[in-house]
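Chemist: give me the fold of what follows.
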Amino acid sequence: MSLIQVTPRIALDETELEESFLRASGAGGQNIQKVETAVQLRFNVRASPNLNEYVRARLEKLAGRRLTLDGVIVITAQRHRTRERNRDDAQERLFDLIRQAAEPPPPLRRPTRPSLGSKKRRLESKTRTGSVKKLRGKPAED
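Modeler: As a prediction, this is how the structure comes out:
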């Protein structure tokens, strides 16, 4: 039982990650039709004892359509030609998702009002632009 360190506070057990291999889709010649190089990585978010409630809730929200109704994140990797590189790619994508979910929330924005000086500068700029546009008209005939 070895732990995979994702963040300084979160470490996942290797047994929580379930991998299955399948044939990759797309062009690739004879190799792709014979060898199962694509990796489908499954991680049960709701059953993981290593995630707190905040991270679990954010992870479910961030996973989007990769999350099943049972609370399992499914990541399919088939970018590379070898099984090992696809396995590393799928794990890294899952770990990036967990790191993103573990980030603290951004501070709340406090609404502010424009200052009196900025209002005056904006109105002066509008007046100046309007007068320039007025001068672009046809000259008056006398």
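Chemist: where does pLDDT dip in this protein?
Modeler: Applying pLDDT under 70 to the chain flags the ranges 1, 26-33, 142.
Chemist: quick one: secondary structure of the residue lying closest to residue 71 once chain neighbours are set aside?
Modeler: Take residue 71 and drop its neighbours on the chain: the residue closest to it by CB to CB, 6 or more residues apart in numbering is residue 46, 3.6 Å away. Yep, even glycine has a C-beta here, placed from its N, CA and C like the rest. Three-state call for residue 46 (DSSP: H, G, I helix; E, B strand; the rest coil): coil.
Chemist: is residue 46 in contact with residue 53, as I believe?
Modeler: No - with contact defined as CB atoms under 8 Å, residue 46 does not count as touching residue 53 (10.7 Å).
Chemist: who has more neighbours, these two?
Modeler: More crowded of residue 46 and residue 53, by other CB atoms under 10 Å: residue 46, with 12 against 7.
Chemist: check contacts around that one.
Modeler: Neighbouring residues of residue 46 by CB atoms under 8 Å, 6 or more residues apart in numbering: 56, 70-71.
Chemist: so which of the residues you listed belong to helices?
Modeler: residue 56 (DSSP state H).
Chemist: quick one: the one helix or strand residue 75 maps to to chain centroid distance?
Modeler: Assigned by DSSP states H and E, residue 75 belongs to strand 72-77. On the basis of CA atoms, centre = their mean, to the nearest Å, strand 72-77 sits 14 Å off its chain's mean C-alpha point.
Chemist: going forward, begin numbering at 539 instead of 1
Modeler: New numbering, starting at 539: the last item is strand 610-615.
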